[in-house]
Each structure stands twice: as C-alpha cells, then as structure tokens.
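1. got a predicted structure here, sequence first:
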Amino acid sequence: MVDTLKSQSIHNLDGDASSLPQANIFTQNNAGAGAPGLLRSVSDFVAMTAAGLGSTSSTYKLVRLQSDVILKSLNLIFSTPPDTGGGSDTLALDVGAYYSDSTTDGTSSANQGTAISATSFASAFLVTATTGAKGVKNNVLLNINPNLFNSPLWVALGLSADPGGQIDVVVAVHTVADAAAAAVMYCEASYAL
C-alpha cells in the first residue's frame, strides 16, 4: 500500500474542493494555519529552589497567551540539571494550562486562576541529566494531538468555545527530585495569531 496524501492547506491552495461537503466551496488558509504568518514568541524564566523541587505542591507560572493564538512550539530550557541524582533522576514535571488570574486581561471572573488541565501539554515529563542539561530545548507539546497544531489554543486544549482572555502555561512538580538542586527554568512559546 502506498500513501499519496495532501494536507488540508495544500488542498485549499490547489482549489481542490472535491473532498468538501459542497463541491463549489473554496476554503482559504489562515495565517499560521496553512498560510504564511508572523511567528511571535513570549518567554520568561523562574528560579526554582532545591526546597521547591522537593514538594509536589510547587508550581511555576511561566508565560501567558491569548486564548486564540495558534501555538507552534513550547520549550523548557534549564540552566543546570535540577535533579543531581545521577542515574536515578526522579524529577518529573507536569506542564499545564490555567486561566489567567488577572482581573484586567479579559479572563472571565468565573475562570480566573482555575486549571484547564494540569497536564494539557505534558504529563510527568522526566527531567534527567540530559533533558535538564544547560541549553537543551525540551519540546513539551507532548499531550497535544498533531492534528490540532494549526488550531487556536482553546481548541487544542479541548475547550468547546473560546473563553476569551488569557491562558497561563504552568509547570508543576509531579514527582520530587531525589537530589534537588536550584536551577533556572526558561520557557519559550512560539505562536501565530
């Protein structure tokens, strides 16, 4: 068996509407979702303490995104391995999406500060000597289906409607480090509008 497939954006560019419900409809690609678009980024960092990495109650809010952006990449980068346990690295992190807790950014007061899912992006991401090494980019878009990468963030997160406002990327300690060490964790999110 041989696959000869076209992405939806190529179908659209070819004007191939034969697979669409109404054969005379031509669908236009949107910027960042099949059509060229400006790639933007937001990034910041937190300084994790050894004590904090020893508690599953620790959370780190890193970046805030509009609910309608098209998220293209989400990377975590460490200054040094935050778990110095050698071959028995145990530090695991969840990377989730929470509604912003701001009262001024358009986030509904009913949603402010609540979790959409603590593991929206990654669940129990193991931070080893390799993944935690200085400068290594760790893509943590692990729990998002690839067929949703051209969708607005709210769709990729499984929401039924755009809630508006802002969504925070939050990292939480899933499993504590067996030999925690203070480290800087940097988060870089690239997206299109």
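-> Ah, there it is.
2. looking at the protein, which helix is longest?
-> Longest helix of the chain, by residue count under DSSP state H: helix 8-14.
3. report all helices and strands that that one contacts.
-> Packing contacts for helix 8-14, counted by 3 or more Cβ pairs under 8 Å, 6 or more residues apart in numbering; DSSP states H and E, involve strand 34-35. For the C-beta atoms, the positions are set from N, CA and C on the backbone; glycine is no exception.
4. scan this structure for its longest strand.
-> Assignment by DSSP state E gives strand 115-126 as the longest strand of the chain.
5. pLDDT on the next helix or strand after that one, on average?
-> Next along the chain after strand 115-126, taking DSSP states H and E as the criterion, comes strand 138-139. Across strand 138-139, pLDDT averages out at 96.
6. partner strands of strand 138-139, parallel or antiparallel?
-> Strand 138-139 sits in its sheet next to strand 70-78 (antiparallel), going by DSSP bridges.
7. what is the orientation angle of the strand it pairs with with strand 115-126?
-> 50 degrees (axes from the mean of the first three to the mean of the last three Cα atoms, to 10 degrees).
8. run through this structure and note the low-pLDDT ranges.
-> Regions of the chain meeting the criterion pLDDT under 70 cover residues 11, 16-28, 86-87.
9. how about a cut-off of 50?
-> 23-24 (pLDDT under 50).
10. the domain parsing of it - what is it?
-> Domain ranges of the chain: 1-37, 38-192, per automatic domain parsing.
11. deepest-packed of those, please.
-> Burial of those is given as mean neighbour count (mean count of other Cβ atoms under 10 Å); domain 38-192 ranks first at a mean of 17.
12. now the terminal residues of it, how far apart.
-> Terminal residues of domain 38-192 are spaced 6 Å apart (Cα to Cα, to the nearest Å).
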